[in-house]
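J.: Quick one: sequence plus predicted model below, questions after.
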Amino acid sequence: MSNEIRVRFAPSPTGYLHVGGLRTALYNYLYARKVGGKFILRIEDTDRTRYVEGAVENMIKSLKLVGLDFDEGPGAGGEFGPYFQSERNDIYNKHVEELLEADKAYRCFCTSEDLQKMREEHQAAGLDTRYDGRCRHLSKEQVQVKIEAGDPFVIREKTPTEGEIFFYDVVRDKVTFPWDMVDDQVLIKSDGYPTYHFANVIDDHYMQISHVIRGEEWLSSVPKHLFLYDALGWKAPKMAHLPLLLNADKSKLSKRQGDVAVEDYLAKGYIPAALINFVSLLGWHDKGNQEIFDMNELIKAFSLKRISKAGAVFDVEKLQWMNSHYMKNMKKTEVAELAKPFVESTGLDLSDNGKYLACIDFARERVNLLTEVAAEIKAFYQTPELPEEFIELSKEENSQKIFKFWAEKLAEKAGWTGAEINALIKETTAATGAKGKNLYFPIRLALFGTPHGPEIPMIINLIGLEEAIKRFSNLVV
């Protein structure tokens, strides 16, 4: 094995990219970039019953949308391919034969019905319901008879039944498991495909993976994996198991709860960089109190040693706050580009780029999500409908005086500067006696459909003089 740092993200193509998967991918990516190593994408598609068409393409698209480019993997090439486990069966078959020969694995002929009956009997007797290893004692002759009879079988690893195993985890330090808590894991299923556990070990060895960085749920599987490394005479990679992601009520963040897919958050209008920043802090923190990081800052600051053991709460309110911060502080042109698909989907015509950028500058101070921009700027593009609660205000004598005054005054000349509009506001007070909210509310209501909103010269500048006159005239009764 080389001394190069090589890490991998190895998802199963069973659907979308979960935010937990995004965090695993991100931490692998950050570590690789920090130390000048390689970040590899490997598709663990050996469970054909759970394979979802299009899931691989969707996963790669999601990773690229948030800026996680892999060095090796599907479409990127690399000298350790193929990067789909379903295309690596010859390698797995070769090594499972080695394990059988060395009596480190055995064929198990128990049917699913046998296993179910065993579990029920054990449960009734108050015993452990894991597989009890009944087939590991079959003689070679008994095994041969069953093979010749065409009985289906799986291949299991033959783990020790006594003593304990310990290993060092980068996050958890020393971890110990008694062997009697570790079951004889299936390595090759009856369909001939390897399980995750077997393919994972073989591929990590052949792809020269130096560090396995993955979720805490895999911690209890490490003894099974280390047994295989030892049985095959290989050096195991270093391990780092990430803390669980939790809901606000401290329950585990689950795929079944909805709104946990990366694409869902992007579709809701979260900025990719904000989502990455937020996810980076779910289990890791910098030495100081810094919370806002761009990708380069994350790479520089990241350390496996600063990953926490405690579960990390996925706080949607904090994500919204962070997204709002990004909208306010990113370049205006970047926010405009990210918001464009959402705004155009509502039918607004954004052909005037100068106008659109001005609208973005206004909206980004007032919204949390890209999806909220269209509603915030709609009145700059379309004559607003008066909300029900303001119809009475529009019909009041004071409002009607102001509408008539502005419709007539604005029509007197072809162009108005901001200073002239502000002078007209003062002139309105002299002509109608209105001031304060009695002055500003009706003007904004006519121009923007709400008593609150942007500066009046800005509205007129963006909607155009003709449209402004029309909006005042429309409300005169």
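T.: Happy to help now that I have it.
J.: contacts, neighbours, all on C-alpha from now
T.: Noted.
J.: give the contact list for residue 468.
T.: By C-alpha atoms under 8 Å, 6 or more residues apart in numbering, the residues touching residue 468 are 407, 447, 460.
J.: Run a quick neighbour tally on the first one.
T.: This means residue 407. 20 (other C-alpha atoms under 10 Å).
J.: and what of residue 88?
T.: 18.
J.: Please identify the buried residues of stretch 464-475?
T.: For stretch 464-475, the buried set under the neighbour-count rule, 16 or more other C-alpha atoms under 10 Å, comprises 465, 467, 468, 469, 471, 472, 473, 475.
J.: you'd agree the third one is in a strand?
T.: No - with the criterion set as DSSP: H, G, I helix; E, B strand; the rest coil, the secondary structure at residue 468 is helix rather than a strand.
J.: Which residue, other than its chain neighbours, is closest to residue 448?
T.: Spatial nearest neighbour of residue 448, chain neighbours left out: residue 379 (5.6 Å); criterion: C-alpha to C-alpha, 6 or more residues apart in numbering.
J.: List the contacts of the helix or strand harbouring that neighbour.
T.: Element membership of residue 379 [criterion: DSSP states H and E] is helix 373-381. Residues outside helix 373-381 that contact it (C-alpha under 8 Å, 6+ apart) are 339, 342-343, 346, 348-349, 359-360, 363-364, 366-367, 384, 448-449, 459, 462-463.
J.: Summarise which helices and strands the helix or strand just after it is packed against.
T.: On the C-terminal side of helix 373-381, the nearest following helix or strand under DSSP H and E is helix 391-395. Applying 3 or more C-alpha pairs under 8 Å, 6 or more residues apart in numbering; DSSP states H and E, we find helix 391-395 packed against helix 437-448.
J.: Of the contacts of helix 373-381, grab the buried ones for PyMOL.
T.: Filtering the contacts of helix 373-381 down to the buried ones (16+ other C-alpha under 10 Å) takes a single PyMOL command:
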select buried, resi 339+342+343+348+359+360+363+364+367+384+448+449+459+462+463
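J.: The contacts of helix 373-381 in strands, which ones?
T.: Among the contacts of helix 373-381, no member is found in strands (DSSP state E).
J.: Report the distance from stretch 103-112 to the chain centre.
T.: 39 Å (C-alpha atoms, centre = their mean, to the nearest Å).
J.: quick one: average confidence on it?
T.: Averaged across stretch 103-112, the pLDDT comes to 96.
J.: Do me a favour and get the end-to-end distance for it?
T.: This stretch, stretch 103-112, spans 24 Å end to end (C-alpha to C-alpha, to the nearest Å).
J.: what does stretch 249-265 give?
T.: Start-to-end span of stretch 249-265 (C-alpha to C-alpha) is 20 Å.
J.: buried residues in that stretch?
T.: Neighbour-count burial for stretch 249-265 flags 252, 253, 260, 261, 262, 263, 264 (criterion: 16+ other C-alpha under 10 Å).
J.: closest to residue 268 among the contacts of residue 468?
T.: The shortest gap between residue 268 and any of the contacts of residue 468 belongs to residue 447, at 29.3 Å (C-alpha to C-alpha).
J.: ok, back up a step: out of the buried residues of stretch 464-475, which is nearest to residue 187?
T.: For the buried residues of stretch 464-475, the nearest to residue 187 is residue 467 (72.0 Å; C-alpha to C-alpha).
J.: so what's that closest one scoring on pLDDT?
T.: 97.
J.: What distance do you get for it to residue 349?
T.: 15 Å.
J.: Could you do residue 154 as well?
T.: According to C-alpha to C-alpha, residue 154 stands 62 Å off from residue 349.
J.: residue ranges of the strands in the protein, please?
T.: 6-9, 38-41, 105-108, 154-157, 164-169, 173-178, 186-188, 211-215, 238-242, 245-246, 312-313.
J.: for the last one, packing partners?
T.: It refers to strand 312-313. Using 3+ C-alpha pairs under 8 Å, 6+ apart as the test, strand 312-313 ends up in contact with strand 245-246.
J.: which residues are in contact with the strand it packs on?
T.: Against strand 245-246 from outside (C-alpha under 8 Å, 6+ apart): 20, 252, 253, 282, 311, 312, 313, 314.
J.: so of those, which ones are in helices?
T.: residue 20 (DSSP state H).
J.: Select from the contacts of strand 245-246 the one having the most neighbours.
T.: Scoring those on neighbours with other C-alpha under 10 Å, the highest-scoring entry is residue 20 at 24 neighbours.
J.: And the pLDDT for that residue?
T.: For residue 20, the model assigns a pLDDT of 93.
J.: And this protein, split by domain according to the record?
T.: What automatic domain parsing lists as the domains of the chain is 89-242, 330-381, 388-475.
J.: and these as a markdown table, adding distance to residue 307?
T.: Formatted as a markdown table, these follow (distance: least, C-alpha to C-alpha, whole Å):
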| stretch | distance to residue 307 |
| --- | --- |
| domain 89-242 | 6 |
| domain 330-381 | 28 |
| domain 388-475 | 45 |
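J.: Identify each buried residue in stretch 131-150, please.
T.: By neighbour count on 16+ other C-alpha under 10 Å, the buried set for stretch 131-150 is 131, 136, 143.
J.: one step back: neighbours around the residue nearest to residue 448, how many?
T.: Per other C-alpha under 10 Å, the neighbour tally for residue 379 reads 18.
J.: how close does it sit to residue 100?
T.: As judged by C-alpha to C-alpha, residue 379 and residue 100 stand 73 Å apart.
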